[in-house]
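Asker: the following comprises the amino acid sequence and a computationally predicted model.
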Amino acid sequence: MSVETSRKRYYTICGQVSCSDQNLSFTSSGVAWLQFARWQGADWRAEGPCRGTGAWGVRGYSRLVTVHREQLVAQVKNTQCILDNLQRTGYCCAEDAEIILRSATKTDQVRKILELVQSKGQEASEYLFYILHEAQDVFIDLRPWFSTRANTGDQHSTSLPAKASVQKTPVINTDPISKYCNKLRRELGQDTRFIASYAQKEEVPLEDMYTDTQMELLGERNESLGLLQGLDELLGQRGVFNAHAETIFITGDAGVGKSILLQKLQSLWARREPLGVDAKFFFKFRCRMFAAFREACEISLRDLLFKHNCFPDLDVDDEVFGFILRHPETVLFTFDGYDEIQAAFEPDSVPEVVSPEEKAHPLMLLANLLSGKLLAGSRKVLTARTGTEVQSRVIRKRVALRGFSPESLRRYVALHFQEREHRDLVMEQLDANPHLCSLCSIPLFCWIIFKSLKHLRSMYEGFELPDTCVTFTSVFLLLSEVFLGHSSAPRLLKRSPRCPSDTFRDGARVLGGLAKLAQLGMEKGVFVFDQDQVTSCGVTEEDLQRGFLRPVSHYDRCGNPAMFEFLHVTLQSFLAAFSLVLDETVGPGGILKFFTECEHRKTPRFQLCGPCLGGSGPRGKDPFQTNEHLQFTNLFLCGLLSKSSAALLESLVPPASLRRKREALKSYLARSVKAHLRGLPRHVTDSEGSKVHVLPNFLWMLRCVFETRSDSIARVTARGISADYIKMSYCNMSSADCSALNFVLHQHRRRLGVDMDNNNIGDYGVKQLQLSLSKMTVVRLCVNQITDSSVEVLAEELVKHRVVTVLG
Ligand SMILES: Nc1ncnc2c1ncn2[C@@H]1O[C@H](COP(=O)(O)OP(=O)(O)OP(=O)(O)O)[C@@H](O)[C@H]1O
């Protein structure tokens, strides 16, 4: 029913309405109030309002107080808001309020309030109901009662005198819960205004740069259910496969935008924009915080929410926490980066924390929150890198982030390059280079590339991105060059020509310090550093301004000193690899420490969490097993020790040392690639010959080989794929991985079938595979975000070579 219709109907029913149309402002809650008022008005024989005279006896609203006294006493939890409003409107005085508040229990206070309003008359009683109705957030327990009354009201409605005087006196919400919600919104609004990973000096508002990324809905068995159309669908019902579970699980590769997506959700909530769910409280956490506590540390749920998130001011009666416990469904949590603490979870022997008062290690609280054992009914959104396992029974629905679509990438280019001339130039370069587009479909890499391009173009005449293959390492080298080139005095003249070796040599001390810090962190699994750790690595106050590190807010509100983290974990991985190359005390064997660490199962730090979580299964002795920050370090090591980085590195490290380290890496890679490929499951079929089914970590191997840019290692790898058919479905292969596959297949002598179903190859990936299509007898590319433009590429190539017998 529209507001206008209900307003008319109200006038028809209540013939005696005395106020004018203009005097009443009808909100939707106002209409609900009228329905309620109409219901109760059946018994109201009004003779004229008289504020505070007590002339109404026990009829109408006064009678309602008597009849529903028990319910009101039980369900009204906040007395301060009622007294504040009664006092403001003159229905009670300060002394009345003081006497009422002196009663020891809340229920006694409510009883006294009921007596007071009854003694003041009909209008005071009506105003009491008006407060209870209008301050919906405060008296949430009464909502069902109000709606029942309003519904039954249709049958009983008779005449109701206008009580415009009551409605004209607005209700002011003074309760601690609403104040806390406002504080939460305010803080979250402030925290989410800028994109967090930008250096302090160049904060960019989220709203200026946020660009939609592709969100793919996955089923229980990770099968694709199509793309989500918007953020409101993320928290909605679509794709829920386990209605009993409460956690929405979002996965995605490093830098694909998981944290930014959560930041966008938080920012929408802070601005009261629709989210697809009704959440009164929003608590955001980063998972790494939970592992940062000492092993013996124990805290309660209350501390977790209030001390480590947002503190409720002036809540003497602990109403906020009480409300949260009574209405967990009004709470939304986001936990970002579960992959960073996964190693700390041991699937077995986990004590349960079901009491909100019980103290436990924060990791244990997290596990119990996610599984719904603690604060059952609350909603949770958990993010993690692709490949992180969480048992299906705690997952409500699954979403995989797939990065920028080609259209989003265009929008992002336009946001970065406001000048048309620059924009067109960048688009031209992207259109000509599908591998660059693949890297740019990952927002983090896109940001680094665009930032470096902008900066270096402002410094050097005619700077262009390299035409030849851009690797992950070259992207991070560009970023480091930009940061190391940051100087306090702006350059007036463009320096020409550009010489990266000079920039790195000038910045060798800074780089050395930061690289050491990164490596120490990597060795201990530490991503957040205190001032002492930073200083002990020789990183000065001035170095902190360069952009590699940023201060971490929010970790500690108890006056503890500032903490720092690297701009992104992948940057820490890159610098850790740099440290292994730079440090002459690390011998050729020593550079392999993270490869070997990946080979061995890590002992969890805490043997306490997650009967519900974990589920990653036993880890073998494969150096390409998932452990992403270490995998990235290995990948960057391959890139830094590649021939293409030699010229730059030789300005920092003695060439002989570099050569020894390169040889050690190459022989290790050749050995372990062979072992890895030998260990893959294979079987022989009549139709397709011998078939090998690769595992997702096969991609890490391909990426490392690609990063070395070494033909000899690519040859060893190609020889190792001795099968006729290679099955790479469900490996989370991205478009950038197609360049790596291409690099290896280039060295493959024989033809083979390649099944790449159910990955994230996209149109950019297909373009990169173009060169290898002449070697493929079977090409399977189902469920890969491929559009008609790829079909054209495929058709052209297949007609040209005529070797494909099966196209999926
Ligand atoms: N939707 C987006 N719009 C614009 N920029 C984005 C978007 N998503 C990510 N970015 C850029 O990429 C950077 C990295 O994103 P983010 O930290 O969210 O990645 P992530 O998936 O959480 O990575 P990780 O798994 O490594 O923590 C951001 O700091 C931002 O610059």
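Answerer: Perfect, thanks for sending it. Residues are numbered from 1 along each chain as shown.
Asker: which parts of the protein sit against the ligand?
Answerer: Residues of the chain found near the ligand (C-beta under 6 Å from any ligand atom) are 195, 197, 209-211, 213, 252, 254-260, 337, 385, 443-444, 447, 568-569. Where C-beta positions appear, they are placed from N, C-alpha and C, glycine not excepted.
Asker: report how many residues lie close to the closest residue to the ligand within the stretch 601-750 of the chain.
Answerer: Sorted by distance to the ligand under C-beta to the nearest ligand atom, the residues of the stretch 601-750 of the chain start with E628, at 7.9 Å. Neighbourhood size, E628 [other C-beta atoms under 10 Å]: 21.
Asker: what does it show for phi and psi?
Answerer: Per-residue torsions, E628: phi -50, psi -40 (degrees, to the nearest 10).
Asker: show me the contacts for the closest residue to it other than its chain neighbours.
Answerer: The shortest distance from E628 to any non-neighbouring residue, by C-beta to C-beta, 6 or more residues apart in numbering, is to R385 (5.2 Å). With contact set as C-beta atoms under 8 Å, 6 or more residues apart in numbering, R385 has these partners: 251-254, 339, 628.
Asker: just those residues now: which is nearest the ligand?
Answerer: Relative to the ligand, the closest of the contacts of R385 is A254; by C-beta to the nearest ligand atom it sits at 3.8 Å.
Asker: hang on, the closest one packs against Q572?
Answerer: No: using C-beta atoms under 8 Å, A254 is not in contact with Q572, being 11.3 Å away.
Asker: more neighbours: which of the two?
Answerer: Legend: neighbour count by other C-beta under 10 Å for A254 and Q572, higher for Q572 (27 against 20).
Asker: so when I look at that one, I'm seeing a helix, right?
Answerer: Yes: checked against DSSP: H, G, I helix; E, B strand; the rest coil, Q572 lies within a helix.
Asker: pLDDT score assigned to it?
Answerer: On pLDDT, Q572 comes in at 96.
Asker: can you name the residue of this structure nearest the ligand?
Answerer: Counting by C-beta to the nearest ligand atom, the chain gets nearest the ligand through G257, at 2.7 Å.
Asker: low-scoring stretches of the stretch 51-200 of the chain, by residue?
Answerer: Scanning the stretch 51-200 of the chain for pLDDT under 70 picks out 51-59, 150-166, 197-200.
Asker: so where do the helices sit in it?
Answerer: Remark: helices assigned in the stretch 51-200 of the chain by DSSP state H, counting those that start in this stretch are 60-67, 69-75, 80-88, 94-102, 106-120, 122-134, 143-156, 164-168, 176-191.
Asker: domain ranges for the protein?
Answerer: As assigned by automatic domain parsing, the chain contains the domains 3-173, 179-401, 680-808.
Asker: tell me the most buried of the helices of the stretch 51-200 of the chain?
Answerer: Ranked by mean neighbour count, those are led by helix 122-134 with a mean of 25 (mean count of other C-beta atoms under 10 Å).
Asker: packing partners for that one?
Answerer: Counting contacts by 3 or more C-beta pairs under 8 Å, 6 or more residues apart in numbering; DSSP states H and E, helix 122-134 packs against helix 28-40, helix 60-67, helix 80-88, helix 106-120, helix 164-168.
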